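Asker: I'd like to go over a predicted model; first the sequence, then the structure.
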Amino acid sequence: MFADEALIRTYRTKCGSQWHTLFTEWEHLQRRAIHHDDGVKIVVWRCQAMCGGLGDRQRGILTSFMLALVSSRAFFIDSVAPVPLHHYFDVANPDLHWVFDDTLLKGRSVLAESFMDCLPNIGNYAQANLSYYDEFDVVIQANNFWQPFAILHNPTISKVKLQSFEEPILAGCILNYLLAPAQYLQLRVHNLLIALKAEDRSLLAVQVRTGDSQEKDGHVLQVLFQHFQKCVVQLQAAKSTPFKIFVTTDSENVTNLFREVYPDSFTVAGQVSHIDGHFGVSGSPDVDFTKSVIDYLLIAFADDLIISRSGFAELAAVRGFKVYYSPSSCYAKHPVQYSFPDEKPLAMAISSVEDIILQTP
(Lines give C-alpha, C1' and ligand atoms only; values in the text may rest on other atoms or scores of the structure.)
Protein backbone atom coordinates (compact mmCIF):
# COMPACT_ATOMS: atom_id res chain seq x y z
CA MET A 1 0.00 0.00 0.00
CA PHE A 2 2.84 2.37 0.82
CA ALA A 3 6.49 2.59 -0.09
CA ASP A 4 7.39 4.60 2.97
CA GLU A 5 7.09 3.74 6.67
CA ALA A 6 6.56 7.39 7.62
CA LEU A 7 3.56 7.60 5.30
CA ILE A 8 2.15 4.40 6.80
CA ARG A 9 2.26 6.03 10.23
CA THR A 10 0.74 9.24 8.88
CA TYR A 11 -2.05 7.33 7.16
CA ARG A 12 -2.92 5.47 10.34
CA THR A 13 -2.89 8.69 12.35
CA LYS A 14 -4.91 10.72 9.86
CA CYS A 15 -7.40 8.07 8.77
CA GLY A 16 -7.36 5.65 11.71
CA SER A 17 -10.01 3.14 12.71
CA GLN A 18 -12.84 5.45 11.58
CA TRP A 19 -11.58 5.08 8.04
CA HIS A 20 -11.73 1.30 8.29
CA THR A 21 -15.31 1.55 9.56
CA LEU A 22 -16.24 3.93 6.77
CA PHE A 23 -15.07 1.47 4.12
CA THR A 24 -16.64 -1.65 5.59
CA GLU A 25 -19.99 -1.06 3.87
CA TRP A 26 -18.41 -0.10 0.54
CA GLU A 27 -16.13 -3.16 0.51
CA HIS A 28 -19.14 -5.40 1.11
CA LEU A 29 -20.97 -3.80 -1.84
CA GLN A 30 -17.87 -3.98 -4.04
CA ARG A 31 -17.37 -7.66 -3.32
CA ARG A 32 -21.00 -8.39 -4.24
CA ALA A 33 -20.77 -6.34 -7.44
CA ILE A 34 -17.58 -8.11 -8.52
CA HIS A 35 -19.56 -11.35 -8.29
CA HIS A 36 -22.33 -9.81 -10.44
CA ASP A 37 -24.96 -9.37 -7.75
CA ASP A 38 -27.65 -7.38 -9.58
CA GLY A 39 -28.94 -6.12 -6.25
CA VAL A 40 -25.97 -3.74 -6.04
CA LYS A 41 -26.05 -0.46 -7.92
CA ILE A 42 -22.85 0.85 -9.47
CA VAL A 43 -21.00 4.04 -10.37
CA VAL A 44 -18.41 3.77 -13.16
CA TRP A 45 -15.77 6.40 -13.84
CA ARG A 46 -14.91 6.20 -17.53
CA CYS A 47 -12.10 7.66 -19.60
CA GLN A 48 -12.03 6.61 -23.24
CA ALA A 49 -10.21 9.62 -24.74
CA MET A 50 -8.74 12.98 -23.77
CA CYS A 51 -9.61 13.18 -20.07
CA GLY A 52 -6.61 15.30 -19.12
CA GLY A 53 -3.49 14.30 -17.22
CA LEU A 54 -3.09 12.18 -14.10
CA GLY A 55 -4.27 15.04 -11.89
CA ASP A 56 -7.39 15.63 -14.02
CA ARG A 57 -8.24 11.95 -13.92
CA GLN A 58 -7.89 11.79 -10.16
CA ARG A 59 -10.28 14.73 -9.82
CA GLY A 60 -12.90 12.86 -11.80
CA ILE A 61 -12.26 9.57 -9.98
CA LEU A 62 -12.62 11.24 -6.58
CA THR A 63 -15.88 12.91 -7.64
CA SER A 64 -17.43 9.69 -8.98
CA PHE A 65 -16.18 7.62 -6.07
CA MET A 66 -17.64 10.04 -3.52
CA LEU A 67 -21.00 9.76 -5.32
CA ALA A 68 -20.74 5.97 -5.01
CA LEU A 69 -19.75 6.19 -1.36
CA VAL A 70 -22.63 8.41 -0.21
CA SER A 71 -25.25 6.61 -2.34
CA SER A 72 -24.24 3.07 -1.27
CA ARG A 73 -23.01 1.93 -4.67
CA ALA A 74 -20.07 -0.14 -5.83
CA PHE A 75 -17.43 1.66 -7.90
CA PHE A 76 -15.50 0.69 -11.02
CA ILE A 77 -13.01 2.40 -13.32
CA ASP A 78 -13.14 1.96 -17.09
CA SER A 79 -9.81 3.38 -18.27
CA VAL A 80 -7.76 1.25 -20.65
CA ALA A 81 -6.40 3.75 -23.19
CA PRO A 82 -3.69 4.58 -23.94
CA VAL A 83 -2.68 2.09 -21.22
CA PRO A 84 -4.84 0.48 -18.51
CA LEU A 85 -4.86 2.51 -15.30
CA HIS A 86 -4.79 -0.71 -13.27
CA HIS A 87 -1.23 -1.32 -14.49
CA TYR A 88 -0.27 1.42 -12.05
CA PHE A 89 -2.96 1.56 -9.34
CA ASP A 90 -5.61 -0.57 -7.67
CA VAL A 91 -7.55 -0.83 -4.40
CA ALA A 92 -5.31 -1.22 -1.35
CA ASN A 93 -7.38 -4.23 -0.26
CA PRO A 94 -5.87 -7.11 -2.29
CA ASP A 95 -9.18 -9.02 -2.18
CA LEU A 96 -10.95 -6.35 -4.22
CA HIS A 97 -10.54 -4.46 -7.48
CA TRP A 98 -12.29 -1.73 -9.44
CA VAL A 99 -11.53 -2.93 -13.00
CA PHE A 100 -14.65 -2.53 -15.15
CA ASP A 101 -15.94 -5.10 -17.64
CA ASP A 102 -18.98 -4.94 -19.88
CA THR A 103 -20.74 -7.85 -18.21
CA LEU A 104 -21.49 -5.52 -15.29
CA LEU A 105 -24.01 -3.75 -17.56
CA LYS A 106 -25.91 -6.82 -18.71
CA GLY A 107 -29.62 -6.43 -18.03
CA ARG A 108 -29.10 -3.21 -16.05
CA SER A 109 -30.57 0.25 -16.56
CA VAL A 110 -27.71 2.60 -17.45
CA LEU A 111 -27.20 6.37 -17.41
CA ALA A 112 -24.07 7.60 -19.20
CA GLU A 113 -23.08 11.24 -18.75
CA SER A 114 -20.06 13.39 -19.47
CA PHE A 115 -18.82 16.56 -17.79
CA MET A 116 -15.27 17.37 -18.80
CA ASP A 117 -13.99 20.71 -17.50
CA CYS A 118 -17.52 21.71 -16.56
CA LEU A 119 -20.18 21.16 -13.92
CA PRO A 120 -22.22 17.93 -13.91
CA ASN A 121 -25.29 17.78 -16.12
CA ILE A 122 -27.60 18.26 -13.13
CA GLY A 123 -25.60 21.24 -11.85
CA ASN A 124 -23.31 21.79 -8.89
CA TYR A 125 -23.49 18.76 -6.64
CA ALA A 126 -23.76 21.01 -3.59
CA GLN A 127 -27.30 21.98 -4.65
CA ALA A 128 -28.30 19.34 -7.21
CA ASN A 129 -31.05 16.79 -6.67
CA LEU A 130 -28.93 13.66 -6.38
CA SER A 131 -32.02 11.45 -6.27
CA TYR A 132 -31.97 11.92 -10.05
CA TYR A 133 -29.58 8.95 -10.14
CA ASP A 134 -31.76 6.63 -8.05
CA GLU A 135 -33.71 5.11 -10.95
CA PHE A 136 -30.56 3.87 -12.68
CA ASP A 137 -28.74 0.67 -11.75
CA VAL A 138 -25.49 1.90 -13.30
CA VAL A 139 -24.28 5.51 -13.54
CA ILE A 140 -21.33 5.95 -15.94
CA GLN A 141 -19.49 9.24 -15.64
CA ALA A 142 -16.83 10.57 -17.98
CA ASN A 143 -15.56 13.53 -16.00
CA ASN A 144 -12.47 15.32 -14.74
CA PHE A 145 -14.25 17.89 -12.61
CA TRP A 146 -13.68 18.52 -8.91
CA GLN A 147 -16.97 17.94 -7.08
CA PRO A 148 -16.38 15.36 -4.31
CA PHE A 149 -16.84 17.78 -1.45
CA ALA A 150 -19.70 19.59 -3.12
CA ILE A 151 -21.48 16.24 -2.66
CA LEU A 152 -20.79 16.38 1.07
CA HIS A 153 -22.28 19.89 1.22
CA ASN A 154 -25.51 18.69 -0.39
CA PRO A 155 -28.30 18.92 2.22
CA THR A 156 -29.92 15.68 1.03
CA ILE A 157 -26.84 13.59 1.82
CA SER A 158 -26.30 11.89 5.16
CA LYS A 159 -22.79 12.82 6.22
CA VAL A 160 -22.67 11.09 9.60
CA LYS A 161 -19.90 8.69 8.55
CA LEU A 162 -17.80 11.45 7.03
CA GLN A 163 -18.21 14.29 9.52
CA SER A 164 -15.09 13.43 11.50
CA PHE A 165 -12.80 13.96 8.48
CA GLU A 166 -11.44 17.30 7.33
CA GLU A 167 -11.74 17.57 3.57
CA PRO A 168 -8.00 17.46 2.74
CA ILE A 169 -7.58 14.47 5.06
CA LEU A 170 -10.54 12.66 3.52
CA ALA A 171 -9.15 13.17 0.02
CA GLY A 172 -5.77 11.80 1.12
CA CYS A 173 -7.38 8.76 2.70
CA ILE A 174 -9.33 8.03 -0.48
CA LEU A 175 -6.34 8.42 -2.79
CA ASN A 176 -4.15 6.12 -0.72
CA TYR A 177 -6.88 3.50 -0.45
CA LEU A 178 -8.56 3.60 -3.85
CA LEU A 179 -5.45 4.27 -5.97
CA ALA A 180 -2.77 2.32 -4.16
CA PRO A 181 0.36 1.98 -6.33
CA ALA A 182 1.20 -1.39 -7.84
CA GLN A 183 3.81 -3.47 -6.02
CA TYR A 184 6.55 -2.90 -8.61
CA LEU A 185 6.11 0.88 -8.25
CA GLN A 186 6.19 0.65 -4.46
CA LEU A 187 9.43 -1.29 -4.67
CA ARG A 188 11.12 1.26 -6.93
CA VAL A 189 10.08 4.17 -4.74
CA HIS A 190 11.04 2.28 -1.58
CA ASN A 191 14.56 1.67 -2.92
CA LEU A 192 15.00 5.36 -3.69
CA LEU A 193 13.84 6.35 -0.21
CA ILE A 194 16.10 3.77 1.45
CA ALA A 195 19.10 5.21 -0.38
CA LEU A 196 18.22 8.68 0.89
CA LYS A 197 17.85 7.42 4.44
CA ALA A 198 21.33 5.92 4.24
CA GLU A 199 22.66 9.38 3.32
CA ASP A 200 20.84 10.91 6.32
CA ARG A 201 19.17 13.52 4.13
CA SER A 202 15.59 14.62 3.76
CA LEU A 203 13.91 14.77 0.35
CA LEU A 204 12.88 18.06 -1.24
CA ALA A 205 10.65 17.57 -4.28
CA VAL A 206 10.62 20.42 -6.81
CA GLN A 207 8.00 20.18 -9.54
CA VAL A 208 8.21 22.78 -12.32
CA ARG A 209 5.53 22.82 -14.96
CA THR A 210 6.33 25.03 -17.94
CA GLY A 211 3.85 24.16 -20.67
CA ASP A 212 4.84 23.10 -24.17
CA SER A 213 4.92 26.56 -25.74
CA GLN A 214 7.75 27.90 -23.58
CA GLU A 215 10.31 25.10 -24.03
CA LYS A 216 12.55 27.10 -26.38
CA ASP A 217 12.41 30.44 -24.57
CA GLY A 218 15.63 30.35 -22.57
CA HIS A 219 15.16 33.74 -20.88
CA VAL A 220 11.71 32.90 -19.55
CA LEU A 221 12.91 29.54 -18.24
CA GLN A 222 15.89 31.22 -16.56
CA VAL A 223 13.57 33.66 -14.75
CA LEU A 224 11.29 30.81 -13.77
CA PHE A 225 14.21 28.79 -12.42
CA GLN A 226 15.38 31.76 -10.34
CA HIS A 227 12.01 31.97 -8.60
CA PHE A 228 12.12 28.29 -7.68
CA GLN A 229 15.77 28.55 -6.65
CA LYS A 230 14.99 31.37 -4.21
CA CYS A 231 12.38 29.12 -2.65
CA VAL A 232 14.91 26.29 -2.33
CA VAL A 233 17.41 28.63 -0.65
CA GLN A 234 14.79 29.79 1.87
CA LEU A 235 13.86 26.24 2.80
CA GLN A 236 17.50 25.20 3.11
CA ALA A 237 18.12 28.06 5.53
CA ALA A 238 15.15 27.04 7.67
CA LYS A 239 15.98 23.32 7.91
CA SER A 240 18.51 21.60 10.13
CA THR A 241 18.70 18.46 7.95
CA PRO A 242 20.42 18.70 4.54
CA PHE A 243 18.26 18.19 1.45
CA LYS A 244 18.49 15.86 -1.47
CA ILE A 245 16.65 17.63 -4.29
CA PHE A 246 14.37 15.66 -6.58
CA VAL A 247 13.33 17.53 -9.74
CA THR A 248 10.34 16.68 -11.89
CA THR A 249 9.49 18.91 -14.84
CA ASP A 250 8.21 18.87 -18.41
CA SER A 251 11.30 20.76 -19.57
CA GLU A 252 14.75 19.25 -20.08
CA ASN A 253 16.14 22.78 -20.01
CA VAL A 254 14.80 23.31 -16.49
CA THR A 255 16.35 20.00 -15.42
CA ASN A 256 19.71 21.17 -16.76
CA LEU A 257 19.44 24.49 -14.91
CA PHE A 258 18.93 22.64 -11.64
CA ARG A 259 21.84 20.31 -12.34
CA GLU A 260 24.16 23.25 -12.98
CA VAL A 261 23.40 24.80 -9.59
CA TYR A 262 22.65 21.60 -7.67
CA PRO A 263 24.84 18.86 -9.19
CA ASP A 264 23.59 16.41 -6.56
CA SER A 265 19.95 16.82 -7.56
CA PHE A 266 18.30 13.87 -9.30
CA THR A 267 15.47 12.98 -11.65
CA VAL A 268 13.73 9.70 -12.37
CA ALA A 269 15.05 8.17 -15.59
CA GLY A 270 12.67 7.96 -18.51
CA GLN A 271 10.77 10.06 -20.99
CA VAL A 272 8.40 12.77 -19.79
CA SER A 273 4.94 11.66 -20.91
CA HIS A 274 1.53 13.29 -20.69
CA ILE A 275 -1.09 10.57 -20.76
CA ASP A 276 -3.45 12.47 -23.08
CA GLY A 277 -0.65 12.90 -25.62
CA HIS A 278 -0.65 9.18 -26.40
CA PHE A 279 -4.20 8.54 -27.53
CA GLY A 280 -4.30 6.68 -30.81
CA VAL A 281 -1.19 4.66 -29.94
CA SER A 282 -2.73 2.28 -27.43
CA GLY A 283 -0.70 -0.88 -27.11
CA SER A 284 2.43 0.71 -28.55
CA PRO A 285 5.55 -0.45 -26.69
CA ASP A 286 6.63 3.17 -26.08
CA VAL A 287 3.44 4.02 -24.16
CA ASP A 288 4.82 3.84 -20.64
CA PHE A 289 3.92 6.24 -17.85
CA THR A 290 6.02 4.58 -15.15
CA LYS A 291 8.29 7.61 -14.81
CA SER A 292 5.34 9.98 -14.48
CA VAL A 293 3.72 7.84 -11.79
CA ILE A 294 7.00 7.47 -9.85
CA ASP A 295 7.48 11.25 -10.06
CA TYR A 296 3.98 11.67 -8.65
CA LEU A 297 4.65 9.22 -5.80
CA LEU A 298 7.99 10.82 -4.91
CA ILE A 299 6.23 14.18 -4.57
CA ALA A 300 3.80 12.52 -2.15
CA PHE A 301 6.57 10.89 -0.12
CA ALA A 302 8.94 13.90 -0.03
CA ASP A 303 9.58 15.73 3.22
CA ASP A 304 9.14 19.17 1.65
CA LEU A 305 7.51 20.27 -1.60
CA ILE A 306 7.92 23.23 -3.93
CA ILE A 307 5.46 22.83 -6.76
CA SER A 308 3.79 24.57 -9.67
CA ARG A 309 0.07 25.06 -9.79
CA SER A 310 -1.07 21.75 -11.26
CA GLY A 311 -3.47 19.00 -10.28
CA PHE A 312 -0.68 16.43 -10.75
CA ALA A 313 1.49 17.88 -7.98
CA GLU A 314 -1.26 19.23 -5.73
CA LEU A 315 -2.99 15.85 -5.57
CA ALA A 316 0.36 14.21 -4.88
CA ALA A 317 0.63 16.56 -1.89
CA VAL A 318 -2.89 15.56 -0.82
CA ARG A 319 -1.93 11.87 -1.09
CA GLY A 320 1.05 12.52 1.17
CA PHE A 321 -0.96 14.65 3.65
CA LYS A 322 1.51 17.46 2.97
CA VAL A 323 1.42 21.21 2.86
CA TYR A 324 3.57 22.65 0.12
CA TYR A 325 5.32 25.77 -1.12
CA SER A 326 4.91 27.50 -4.42
CA PRO A 327 7.26 30.31 -5.48
CA SER A 328 4.70 32.89 -4.33
CA SER A 329 4.11 31.29 -0.92
CA CYS A 330 7.86 31.09 -0.35
CA TYR A 331 8.01 34.87 -0.53
CA ALA A 332 5.24 34.97 2.09
CA LYS A 333 7.21 32.40 4.13
CA HIS A 334 4.30 30.06 4.73
CA PRO A 335 3.25 26.79 3.11
CA VAL A 336 -0.07 26.10 1.44
CA GLN A 337 -2.69 23.45 1.99
CA TYR A 338 -5.14 23.37 -0.85
CA SER A 339 -8.65 24.59 0.07
CA PHE A 340 -10.53 22.38 -2.40
CA PRO A 341 -12.94 24.73 -4.21
CA ASP A 342 -16.28 23.14 -5.04
CA GLU A 343 -17.33 25.26 -8.01
CA LYS A 344 -14.26 24.74 -10.19
CA PRO A 345 -11.55 22.13 -10.71
CA LEU A 346 -8.94 21.64 -8.00
CA ALA A 347 -6.33 23.44 -10.08
CA MET A 348 -6.74 24.81 -13.57
CA ALA A 349 -3.81 24.06 -15.85
CA ILE A 350 -1.23 26.79 -16.27
CA SER A 351 -0.99 27.71 -19.92
CA SER A 352 2.44 29.33 -19.88
CA VAL A 353 5.50 30.01 -17.80
CA GLU A 354 4.48 33.66 -17.48
CA ASP A 355 1.42 32.57 -15.48
CA ILE A 356 3.73 31.09 -12.84
CA ILE A 357 6.04 34.08 -12.79
CA LEU A 358 3.17 36.54 -12.42
CA GLN A 359 2.07 34.73 -9.25
CA THR A 360 5.31 35.76 -7.53
CA PRO A 361 6.03 39.23 -6.09
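Answerer: Cool, the structure landed.
Asker: hey, let's count contacts and neighbours off CA atoms from now on
Answerer: OK.
Asker: In three-state terms, label residue 103 for me.
Answerer: helix (DSSP: H, G, I helix; E, B strand; the rest coil).
Asker: need the helices for the stretch 1-150 of the chain, in chain order.
Answerer: 5-34, 54-70, 148-152 (DSSP state H, counting those that start in this stretch).
Asker: how many neighbours does residue 93 have?
Answerer: 12 (other CA atoms under 10 Å).
Asker: which one is it nearest to, not counting chain neighbours?
Answerer: Leaving aside its chain neighbours, residue 93 sits nearest to residue 177 (7.7 Å; criterion: CA to CA, 6 or more residues apart in numbering).
Asker: which SS class is that neighbour?
Answerer: helix.
Asker: most neighbours per residue, which of the helices of the stretch 1-150 of the chain?
Answerer: Per residue and on average, the most neighbours among these fall to helix 54-70, with a mean of 23 (mean count of other CA atoms under 10 Å).
Asker: where does residue 236 land on pLDDT?
Answerer: pLDDT, residue 236: 84.
Asker: My error: substitute residue 317 in the last question.
Answerer: Listed pLDDT for residue 317 reads 92.
Asker: So the residue nearest to residue 93 is in contact with residue 91, correct?
Answerer: Yes: look at residue 177 against residue 91 with CA atoms under 8 Å: they come within range, at 5.9 Å.
Asker: Quick check: pLDDT value at the residue nearest to residue 93.
Answerer: Residue 177 is assigned 89 on the pLDDT scale.
Asker: Tell me how far stretch 136-150 lies from the chain's centre.
Answerer: Centre-to-centre, stretch 136-150 and its host chain are 16 Å apart (CA atoms, centre = their mean, to the nearest Å).
Asker: gap between the two ends of it?
Answerer: Terminal residues of stretch 136-150 are spaced 21 Å apart (CA to CA, to the nearest Å).
Asker: pLDDT weak spots in this structure?
Answerer: Residue ranges of the chain with pLDDT under 70: 1-8, 17-21, 158-165, 211-217, 273-287, 331-361.
Asker: Closest to the centroid, which residue in it?
Answerer: residue 315 (3.9 Å; CA atoms, centre = their mean).
Asker: And that one, which helix or strand is it part of?
Answerer: Per DSSP states H and E, residue 315 falls inside helix 311-319.
Asker: Could you pull up the residues touching the residue nearest to the centre of the chain?
Answerer: 55, 58 (CA atoms under 8 Å, 6 or more residues apart in numbering).
Asker: distance of it from residue 12?
Answerer: Taking CA to CA, one finds residue 315 at 19 Å from residue 12.
Asker: What of residue 167?
Answerer: 16 Å.
Asker: How about residue 168?
Answerer: Residue 168 is 15 Å from residue 12, by CA to CA.
Asker: Over to residue 208?
Answerer: To residue 12, residue 208 is 31 Å away according to CA to CA.
Asker: circling back: dump the helices of the stretch 1-150 of the chain to a markdown table, plus distance to residue 245.
Answerer: Below are the helices of the stretch 1-150 of the chain laid out as a markdown table (distance: least, CA to CA, whole Å):
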| stretch | distance to residue 245 |
| --- | --- |
| helix 5-34 | 19 |
| helix 54-70 | 22 |
| helix 148-152 | 33 |
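Asker: which one of those lies closest to residue 140?
Answerer: Counting by CA to CA, residue 140 lies closest to helix 54-70 out of these; the figure is 8.8 Å.
Asker: by contact count, what packs against the closest one?
Answerer: strand 42-46, strand 74-78, strand 138-143, helix 148-152, helix 167-178, helix 311-319 (3 or more CA pairs under 8 Å, 6 or more residues apart in numbering; DSSP states H and E).
Asker: and residue 236, which of the ones you listed is closest to it?
Answerer: helix 311-319 (19.6 Å).
Asker: about what we covered before: now the helices and strands packed on helix 54-70 in CSV, with distance to residue 124?
Answerer: Converted to CSV, the helices and strands packed on helix 54-70 look like this (distance: least, CA to CA, whole Å):
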stretch, distance to residue 124
strand 42-46, 18
strand 74-78, 21
strand 138-143, 13
helix 148-152, 7
helix 167-178, 18
helix 311-319, 20
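Asker: Out of these, flag the one nearest residue 30.
Answerer: Checking the helices and strands packed on helix 54-70 against residue 30 by CA to CA gives strand 74-78 as the closest, at 4.8 Å.
Asker: quick check: angle from that closest one to helix 167-178?
Answerer: 70 degrees (axes from the mean of the first three to the mean of the last three CA atoms, to 10 degrees).
Asker: helices or strands up against strand 74-78?
Answerer: helix 5-34, strand 42-46, helix 54-70.
Asker: ok, now which ones touch residue 264?
Answerer: Counted by CA under 8 Å, 6+ apart, residue 264 has contacts 244, 245.
Asker: what's the spacing between it and residue 134?
Answerer: Taken as CA to CA, the span from residue 264 to residue 134 is 56 Å.
Asker: Residue 244: which of the helices of the stretch 1-150 of the chain is closest?
Answerer: Of all the helices of the stretch 1-150 of the chain, helix 5-34 sits nearest to residue 244, with 17.2 Å by CA to CA.
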